[in-house]
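1. turn this into a structure:
(chains A and B)
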2 protein chains.
Amino acid sequence: MQLTRAADYAIRVMIHLAAFAPGTRASRADLAAASECPEQFLSKVLQSLTRAGLVISHRGNTGGFELSPAHRDATVLEIVEAVEGPIRLNVCLGTDDECHRQPWCSAYHVWSDAQDALTAVLRKATIDELALAEVQARSAQGVSNPTKAN
Amino acid sequence: MQLTRAADYAIRVMIHLAAFAPGTRASRADLAAASECPEQFLSKVLQSLTRAGLVISHRGNTGGFELSPAHRDATVLEIVEAVEGPIRLNVCLGTDDECHRQPWCSAYHVWSDAQDALTAVLRKATIDELALAEVQARSAQGVSNPTKAN
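-> Reported below is the predicted structural model:
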């Protein structure tokens, strides 16, 4: 029961991009350094984020990746699910293949409540707030914040 | 981010055993049928539960598996961790290999809060209560309850 590395890196990338002014683009190499993710692996993560519309990919000399203006307040849940697919703590929590034990299975309610509790926390945390908190925490810790001209 | 099949089966087995009177033994075949788990796979699950002291294994003609009397009120969290090891929603939540980003990483708090929310639900649910709820739900649904002479 563990988050994938891809989802972890996706959150790092999104927080990094959200710390910049809207419209700022960052190269894949910059994002790999900031998220401490191998570039090749990050390509897959960026593909998932782009496909979900959370990140916009620009080609060419002035290209790079920017946070989608419409998704600066994306939630951690949205990002995790963009990378991993819908969170289902147990296979029985899917809507399409209902388990025949469900009408009487008491564990079902535990898995369901646990999933609700987990996703509620992830749904409450938004990227813009996390980016702001991180900038403040880095300043307080004397760690330089990333700066980038558009 | 999904429970392993082994942990799912472990909970089914524990609930099944907890529905019997204390001291009742069930064979591996019975438990496999009740949990709808392939017998060979269930052996590994039972090994984990026995090693954790949650289940007692008896050899010989009158042998079988019984719920440890001291653990009739085991929590779902204890059982999942007996099978899967400690729940760590992200690698950074381990105590032994602290991430150097932690002092300023804002995502860390989200993973930590999410893990706390998840484990709180699993810690609140005990096997004896789940077994009782299941017996009642099966009766209400007209599904026969397992009976077993000691």
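
2. so A:R138 touches A:N145, yeah?
-> Yes. Contact status for A:R138 versus A:N145: in contact at 5.1 Å, counting by CB atoms under 8 Å. C-betas here are computed from N, CA, C, even on glycine.

3. okay, the two: which has more neighbours?
-> For A:R138 and A:N145, the more surrounded residue by other CB atoms under 10 Å in any protein chain shown is A:R138, and the numbers stand at 19 against 12.

4. could you check the angle helix B:106-124 makes with the helix or strand encompassing A:A114?
-> For A:A114, the host element (DSSP states H and E) is helix A:106-124. Here helix A:106-124 points in a direction 160 degrees away from that of helix B:106-124 (axes from the mean of the first three to the mean of the last three CA atoms, to 10 degrees).

5. what about A:E98, distance to A:V91?
-> Separation of A:E98 from A:V91 (CB to CB, to the nearest Å): 11 Å.

6. pull the distance from the helix holding A:A114 to the chain's centre.
-> Relative to its chain's centre, helix A:106-124 lies at 19 Å (CA atoms, centre = their mean, to the nearest Å).

7. and for stretch A:112-129?
-> Distance, centroid of stretch A:112-129 to centroid of chain: 12 Å (CA atoms, centre = their mean).

8. and A:E66, that's in a helix?
-> No. Counting by DSSP: H, G, I helix; E, B strand; the rest coil, A:E66 falls outside a helix, being strand.

9. wait, A:R123 touches A:T75, no?
-> Yes. Between A:R123 and A:T75 there is a contact under CB under 8 Å: 5.1 Å.

10. more crowded one of those two?
-> It is A:T75, of A:R123 and A:T75, that has more neighbours when counted by other CB under 10 Å, with 19 against 13.

11. quickly list what that one is bridged to.
-> A:T126 (DSSP bridges).

12. does it touch A:V121 like I think?
-> No. Taking contacts as CB under 8 Å, A:T75 lies outside contact range of A:V121: 10.1 Å.

13. need the per-residue pLDDT for A:R25.
-> What the model reports for A:R25 is a pLDDT of 96.

14. phi first, then psi, for it.
-> Dihedral pair for A:R25: phi -110, psi 140, per degrees, to the nearest 10.

15. which residues of chain A fall in strands?
-> For chain A, the strands defined by DSSP state E occupy A:55-58, A:64-67.

16. mean neighbour count, these: which tops it?
-> Highest mean neighbour count among the strands of chain A (mean count of other CB atoms under 10 Å in any protein chain shown): strand A:64-67, with a mean of 22.

17. just name whatever secondary elements that one is in contact with.
-> Judged by 3 or more CB pairs under 8 Å, 6 or more residues apart in numbering or on different chains; DSSP states H and E, strand A:64-67 is in contact with helix A:5-18, helix A:28-35, strand A:55-58.

18. ok, now with 7 Å
-> helix A:5-18, strand A:55-58 (3 or more CB pairs under 7 Å, 6 or more residues apart in numbering or on different chains; DSSP states H and E).

19. model confidence over it, on average?
-> The model assigns strand A:64-67 a mean pLDDT of 96.

20. touching that strand from outside, list them.
-> With CB atoms under 7 Å, 6 or more residues apart in numbering or on different chains as the test, strand A:64-67 has contacts from A:14, A:17-18, A:23-28, A:31, A:46, A:55-58.

21. run through chain A and note the low-pLDDT ranges.
-> A:95-97, A:148-150 (pLDDT under 70).

22. tell me the residues of it that contact chain B?
-> A:1-3, A:8, A:11-12, A:15, A:76, A:84, A:87-90, A:103-107, A:110, A:113-114, A:117-118, A:120-122, A:125, A:130, A:133-134, A:137-138, A:141, A:143 (CB under 7 Å from any CB of the partner chain).
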